[in-house]
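# attaching a predicted model along with its sequence, questions to come.
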Amino acid sequence: MTSHPNIVITGMGAVTPIGIGVKTYWKNLIDGVCGIGPITHLDVSALPVQIAGEVRDFDPAQFIPRQQMSKLARFAQFAYAAAEEALADSGLAVEPYRTGLTMGTSMNGVAEICQTQEEYTRTGRKVSPYFVPKVLGNMAACQIAIAHNIQGPSFTLNTACSSGIDAVTMAVMLLRAGAADTMLAVGGESIACAPVISSLATSHALSRNNADPRHASRPFDRARDGFVMGEGGGALVLETEEHAAARGAHIYGRILGCANNNDAYHITSPRPHGEGGARCMALALADAGIAPEQVGYINAHGTSTPVGDVLECDAIRTVFGDYAAHLPVSSTKGATGHLMGAGGITELIACVLGIRDAVLPPTLNVTDPDPACGLDCVPLAARPCRYDIAMSNAFGFGGQNASVIVGRP
């Protein structure tokens with residue numbers, strides 16, 4: 001195995017449907033709060049799906065300079081706010097040329113694109129000159145970089161639902177390569193608009209439980225009928241351990257291993273039995289140099305789709321063998337919905353804090369576990385449990401698979 005520097009986490013930020021700020025997000029996650037409800041920020045009365053995990057009571061003015069707010073799409077505002085929290089939490093003094101930024105987002109400013117097209121069609125008025133830079137995926141990273149004079153490596157990744165974890169993986173690769181001493185890995189998403197909702201509903205990907213939104217996202221439950229869209233932002237400050245130690249930074253955890261691969265099979269469906277996801281988890285274990293039995297918890301992709309949940313559980317059994325029956329595997333999407341590009345990072349934060357606080361985050365709404373899934377999904381309520389290593393998975397359209405393994409500092 002090639003020797004590379006240890007990578008540590010020194011700052012975290014979160015904007016989610018169950019709380020703004022890491023402290024609130026984590027408390028509500030462990031307390032079993034659900035952030036899914038009727039969609040309020042657009043008219044969905046004519047749509048078959050009318051529920052989502054919305055970020056409520058978000059005031060961008062608390063995080064973003066007023067002159068910049070109108071230049072940031074909603075997904076980028078969430079990313080910016082999470083980045084501000086993570087940077088402040090880390091106490092980092094940015095070294096411009098040795099600090100970099102990776103950004104993950106699945107669908108960029110699609111909601112603003114739809115809104116602008118609708119207004120233009122209705123009124124014919126000229127479109128703002130800020131429209132194009134506002135909806136580009138890399139503009140979240142651009143605005144964060146400008147605000148903090150981050151002039152190192154900068155990449156924005158669009159790998160569907162894997163985008164957030166892939167942003168972390170890319171940041172780790174750059175740190176290992178010596179291209180930077182510190183990286184800010186960020187994710188942001190907000191995709192609720194009529195064309196996206198209609199398309200996903202037509203493909204039977206979304207839950208249609210409009211009458212009972214709090215119980216609509218039910219990963220690993222027999223009655224699950226699709227995922228629930230969410231929105232939000234997440235951010236991590238990553239550093240080489242040497243750099244963090246030199247400045248006396250508080251270390252939340254270590255990045256032990258990470259991996260990315262592609263199914264090369266179908267535009268939306270995973271390979272049978274989750275073969276690609278299994279290979280990705282195995283690659284992450286190999287990168288970390290650990291045995292499967294050393295993993296104490298998996299934060300699953302677990303979107304609450306009838307097929308996807310079973311395939312991920314199949315993949316876990318392939319990699320972890322008999323140990324899979326004793327390995328806690330939960331999905332926090334029962335609480336937040338599917339945060340797409342932001343989910344990978346906020347779910348990784350849950351892994352880090354779960355290790356710190358010796359607790360397993362719950363999977364909400366599992367009242368009738370699906371025997372086809374057949375794993376310990378930590379149903380309904382958080383569970384005390386001491387563990388030192390956790391894995392987080394994210395799988396996306398296009399055959400994208402991503403896994404990151406974190407450990408106790």
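That came in fine, so what should we check first?

# gap between Ser90 and Ala145?
16 Å (CB to CB, to the nearest Å). Where C-beta positions appear, they are placed from N, C-alpha and C, glycine not excepted.

# looking at the two, which has the bigger crowd around it?
Comparing Ser90 with Ala145 by other CB atoms under 10 Å, the one with more neighbours is Ser90, at 26 against 22.

# which strand or helix spans the nearest residue to the more buried one once chain neighbours are set aside?
Counting by CB to CB, 6 or more residues apart in numbering, Ser90 lies nearest to Gly11, which is 2.8 Å off, once chain neighbours are set aside. Using DSSP states H and E, Gly11 sits within strand 7-16.

# packing partners of that strand?
Applying 3 or more CB pairs under 8 Å, 6 or more residues apart in numbering; DSSP states H and E, we find strand 7-16 packed against helix 22-30, helix 74-90, helix 163-176, strand 232-240, helix 241-246, strand 253-262, helix 343-357.

# quick one: distance of the least confident helix or strand in the chain by mean pLDDT to the chain centre.
Ranked by mean pLDDT, DSSP states H and E, the helix or strand of the chain with the weakest confidence is helix 66-69, at a mean of 86. Centroid separation between helix 66-69 and its chain, computed with CA atoms, centre = their mean, to the nearest Å, is 26 Å.

# show me the contact partners of that helix.
Pro60, Ala61, Gln77, Gln143, Ala147 (CB atoms under 8 Å, 6 or more residues apart in numbering).

# let's go with 10 Å and repeat that
Here helix 66-69 makes contact (CB atoms under 10 Å, 6 or more residues apart in numbering) with Asp59, Pro60, Ala61, Phe63, Ala76, Gln77, Tyr80, Gln143, Ile146, Ala147.

# can you list these in JSON lines and add distance to Gly321, neighbour count and pLDDT?
Compiled in JSON lines, these are given as follows (distance: CB to CB, whole Å; neighbours: other CB atoms under 10 Å; pLDDT from 0 to 100):
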{"residue": "Asp59", "distance to Gly321": "49", "neighbour count": "10", "pLDDT": "94"}
{"residue": "Pro60", "distance to Gly321": "48", "neighbour count": "18", "pLDDT": "93"}
{"residue": "Ala61", "distance to Gly321": "52", "neighbour count": "8", "pLDDT": "93"}
{"residue": "Phe63", "distance to Gly321": "45", "neighbour count": "20", "pLDDT": "94"}
{"residue": "Ala76", "distance to Gly321": "43", "neighbour count": "33", "pLDDT": "97"}
{"residue": "Gln77", "distance to Gly321": "44", "neighbour count": "23", "pLDDT": "97"}
{"residue": "Tyr80", "distance to Gly321": "43", "neighbour count": "28", "pLDDT": "98"}
{"residue": "Gln143", "distance to Gly321": "46", "neighbour count": "21", "pLDDT": "96"}
{"residue": "Ile146", "distance to Gly321": "49", "neighbour count": "10", "pLDDT": "96"}
{"residue": "Ala147", "distance to Gly321": "47", "neighbour count": "16", "pLDDT": "96"}
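
# filter the residues you listed down to the ones in helices?
Ala76, Gln77, Tyr80, Gln143, Ile146, Ala147 (DSSP state H).

# hang on, the earlier thing: is it possible to get JSON lines of the contacts of helix 66-69 that adds distance to Gly396?
As requested, these are exported to JSON lines (distance: CB to CB, whole Å):
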{"residue": "Asp59", "distance to Gly396": "31"}
{"residue": "Pro60", "distance to Gly396": "27"}
{"residue": "Ala61", "distance to Gly396": "33"}
{"residue": "Phe63", "distance to Gly396": "27"}
{"residue": "Ala76", "distance to Gly396": "20"}
{"residue": "Gln77", "distance to Gly396": "23"}
{"residue": "Tyr80", "distance to Gly396": "23"}
{"residue": "Gln143", "distance to Gly396": "25"}
{"residue": "Ile146", "distance to Gly396": "29"}
{"residue": "Ala147", "distance to Gly396": "29"}
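
# now, which of the residues you listed sits nearest Asp357?
Lowest distance from Asp357 to the contacts of helix 66-69 (CB to CB) belongs to Phe63, with 26.0 Å.

# helix, strand or coil for Met183?
strand (DSSP: H, G, I helix; E, B strand; the rest coil).

# I figured it hits Ala86, correct?
No. The pair Met183 and Ala86 does not pass the contact test of CB atoms under 10 Å, sitting 11.0 Å apart.

# what is in contact with these two at once?
Contacts common to Met183 and Ala86, judged by CB under 10 Å, 6+ apart, are Leu236, Val237, Leu238.

# most surrounded residue in those residues?
Leu236 (34 neighbours).

# how about the contacts made by that residue?
9-14, 82-83, 86, 89-90, 102, 164, 167-168, 171, 183-187, 252-253, 255, 345-346, 348-349, 352, 406.

# are we agreed that Thr318 is in a helix?
Yes. Looking at Thr318 with three-state DSSP, it is inside a helix.

# kindly state the pLDDT recorded for it?
On the pLDDT scale, Thr318 is placed at 98.

# thought it was touching Cys280?
No. In terms of CB under 10 Å, Thr318 does not count as a neighbour of Cys280; the distance is 11.2 Å.

# between these two, which contacts overlap?
Common contacts of Thr318 and Cys280, defined by CB under 10 Å, 6+ apart, comprise Gly274.

# give me the more crowded residue out of those two.
Cys280 (27 against 17).

# report the contact partners of the most centrally placed residue in the chain.
Residue closest to the mean C-alpha point of the chain, counted by CA atoms, centre = their mean, is Gly343 at 1.8 Å. Applying CB under 10 Å, 6+ apart to Gly343 gives the contacts 16, 53, 104, 106, 161-165, 187, 189, 230-232, 234, 299, 301, 303, 332-333, 336-337, 392, 394.

# if I look at it, how far off is Gly374?
Distance, Gly343 to Gly374, by CB to CB: 24 Å.

# what about His301, distance to Thr202?
From His301 over to Thr202 the distance is 22 Å, taken as CB to CB.

# of these two, which one has the most company?
Neighbour tally, His301 and Thr202, criterion other CB under 10 Å: the higher count belongs to His301, 32 against 10.

# so that one is in contact with Glu312, correct?
Yes. Judged on CB under 10 Å, His301 makes contact with Glu312 at a distance of 5.6 Å.

# quickly list what's touching both of these two.
With CB under 10 Å, 6+ apart, His301 and Glu312 have common neighbours Pro219, Pro270, Gly274, Gly277, Ser331, Asn393, Phe395.
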